[in-house]
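Enquirer: structure of the sequence below:
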Amino acid sequence: MLGVIRWLDTLCSAHCALLAVTNMPPAITKLFPNDPQPASETITPLWSGQQFTLEHIVSYGQPSPEGFWHDQDAREWVALILGTATLVFEDGVLELEAGDAVLIPSHARHRVERVSVDAVWIAVHSQSL
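Expert: Residues are numbered from 1 along each chain as shown. Predicted structure coming up:
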C-alpha cells in the first residue's frame, strides 16, 4: 500500500509541476455526488498516463450485472471512500466499508455483489502496481 501511495505522490508532483509551468489553477473534482440517484453507475477517468488510469466511480447501489465477472489484464487498486460493498472472488468474499482499499491482481475474477447507494470509489489500473 505504501508503494501505491509513493507512486501516486510522484504522479501528483509531476502534475503540479506542469500546472506551475502553465500558470493555471488546478481544477476541482467533486468526489461526492450532488445527484444521489442517476440512472446508472458513473465511471470518470481523472488522470491517465502510459502505465496507469485513475478513476472516480460512483455506484449508486448498482452491483455487477448478474453473471458478470471482471477479469482484467491490469492490476487494480480500489479504495472505497464512502459507503459499503461486497466483493466476491472465485475463492472468497470481502466485505468493504469506507476507508478500505484492496489491491486486485490481474486476472483475479471478481464481481461487486452488493454496494450501498452512497458508494464512492477511487480506482487505479496499472501494470506496474
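Enquirer: for the closest residue to Leu94 other than its chain neighbours, give me its contacts.
Expert: What sits nearest to Leu94 in space, not counting adjacent residues and going by CB to CB, 6 or more residues apart in numbering, is Leu87, at 4.6 Å. Every C-beta, even on glycine, is put in place using the N, C-alpha and C of the backbone. Leu87 sits next to 93-94, 96, 102, 110-113 when contact means CB atoms under 8 Å, 6 or more residues apart in numbering.
Enquirer: how much space between Leu87 and Gly49?
Expert: For Leu87, the distance to Gly49 equals 26 Å [CB to CB, to the nearest Å].
Enquirer: what about the helices in the protein?
Expert: 2-22 (DSSP state H).
Enquirer: residue ranges with poor pLDDT in it?
Expert: Scanning the chain for pLDDT under 70 picks out the ranges 1-22, 35-39, 129.
Enquirer: pull the contacting residues for Val120.
Expert: Val120 is in contact with 31-33, 56-59, 80-83, counting by CB under 8 Å, 6+ apart.
Enquirer: quick one, what contacts the residue nearest to Ala98 when sequence neighbours are not counted?
Expert: Leaving aside its sequence neighbours, Ala98 sits nearest to Leu82 (CB to CB, 6+ apart; 5.2 Å). Residues counted as contacts of Leu82 (CB under 8 Å, 6+ apart) are 32, 98, 118-120.
Enquirer: repeat the analysis, applying 6 Å as the threshold.
Expert: Each residue near Leu82 by CB atoms under 6 Å, 6 or more residues apart in numbering is listed here: 98, 118, 120.
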